[in-house]
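*Asks:* Below are the sequence and a predicted model; questions follow.
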Amino acid sequence: MKIQLKFFASVREQLGVSVETLELDEGLTAFAVRDYLMQRSDVWSAALSHQKVLRMALNQDMIQNDQALKDGDELAFFPPVTGG
């Protein structure tokens with residue numbers, strides 16, 4: 001399957017990338033993709049660490065629980081949004 005990844009705010013700044021298309025095996029979940037990306041390098045591991053509060057959205061809907069991905073999905077990563 002082919003999915004599009006989007007990175008926003010501090011995550012984008014840390015990784016130096018805003019959009020990427022990724023080809024993966026069918027049936028992977030959003031959390032599995034995060035773990036896969038963390039294995040790329042120390043920079044990716046730090047940016048997407050489970051120790052950080054990080055939000056994910058699947059096709060522009062916030063992910064509450066792990067969800068299976070399908071071909072053509074968009075998975076976005078971003079820090080929590082705060083107001084002021």
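*Replies:* Nice, thanks for sending it over. Every value quoted in this text rests on a predicted model; they were computed, and no experiment measured them. Numbering: from 1, shown residues only.

*Asks:* Neighbouring strands of the helix or strand hosting Glu20 in the sheet, and parallel or not?
*Replies:* Secondary structure assigned from DSSP states H and E places Glu20 in strand 19-23. If you go by DSSP bridges, strand 19-23 pairs up with strand 2-7 (antiparallel).

*Asks:* What are the buried residues along the next helix or strand after the partner strand?
*Replies:* Using DSSP H and E, the helix or strand that follows strand 2-7 in sequence is helix 9-15. The neighbour-count check on helix 9-15 (16 or more other CB atoms under 10 Å) flags Val11, Arg12, Leu15 as buried. C-beta here means a position set from N, CA and C on the backbone, and glycine is covered the same way.

*Asks:* related to what we said a few turns ago, what comes into contact with the next helix or strand along the chain from the strand holding Glu20?
*Replies:* The element immediately downstream of strand 19-23 (helix or strand, assigned by DSSP H and E) is helix 30-38. Helix 30-38 is contacted from outside by 3, 5, 22, 24, 28, 44-45, 48-49, 56, 58, 63, 66-67, 69, 75, 77, using CB atoms under 8 Å, 6 or more residues apart in numbering.
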